[in-house]
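In: Okay, sequence plus prediction incoming.
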Amino acid sequence: MRSGSAQHSHRRGQRGFGYLLVLFALAAMGLLLGSAGQVWHTAAQREKEAELLFIGNQFRQAIGSYYASSPDAAKQYPLKLEDLLEDQRFPVPHRHLRQLYRDPITGSAQWGLVKVGDRIAGIHSLSESQALKTTFAGPDSTFSGATRYEQWVFRFEPGEALR
C-alpha cells in the first residue's frame, strides 16, 4: 500500500509544477505584450508628431501665401481659417490651402490661433501632452526645447521665405 500512496503523492507534485510553469509562461507573455504595447504607443505618437509638423507647416505656408498675395500695399493676415480655403479678395477666388486639417494630436478640428489684432498669423495645437521630439531644424527650429505640443506655434513672420 505504501507504494500506491507514494505514487499518488508523486503525481500531485507534478501537477503543481505544471501549474507553476503555465503561470510563469503567462507572466512572461504579459511582460512581452506590455513592452510591445509601449513600443506601439511611442511609434504612434511619433507618427502623430510628424503629421502635426506637416499640417502646421501647411497652415504656415497658406497664411504666408495669403499675406503675400494681399492686393493692397498694406499686407493682411486672414480673418478666419476658412479664408485660406477660398480667398474672396480677388475676382477669381484663390486657394491657399486645400482643406482645413484636423489636429492629429487631439483629433479635433479646433486649433489654437495666434492673432495679430483680429487677424490670424499662426496656429498651434491645443494639446497639453508631452512631446517626444524636442530638437528641430529649419523653420521649426523655434520649437527646440518645447516640451508640449501647444508650444509648437506655426506662425508666419513677414519677410520669411515661402517654401
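Out: That came through fine. Residues are numbered from 1 along each chain as shown.

In: now the residue sitting nearest the centre point of the chain: how far from D103?
Out: Centroid-nearest residue in the chain: K48, 3.1 Å away (criterion: C-alpha atoms, centre = their mean). According to C-beta to C-beta, to the nearest Å, K48 stands 9 Å off from D103. In short, each C-beta sits where N, CA and C put it, glycine included.

In: hmm, back to that, can you pull the contacts of the residue nearest to the centre of the chain?
Out: Taking C-beta atoms under 8 Å, 6 or more residues apart in numbering as the contact definition, K48 lies against P104, I105.

In: Report the residue spans of the protein with pLDDT below the cut-off.
Out: 1-15, 160-163 (pLDDT under 70).

In: make it 80
Out: 1-21, 24, 32-39, 41, 71-73, 159-163 (pLDDT under 80).

In: So which residues of it form strands?
Out: All strands of the chain, identified by DSSP state E, fall at 112-116, 119-124, 153-155.

In: Q76: which of those is closest?
Out: Minimum separation from Q76 across the strands of the chain (C-beta to C-beta) falls at strand 119-124, 6.3 Å.

In: Looking at the strands of the chain, spot the one closest to Q58.
Out: strand 153-155 (8.7 Å).
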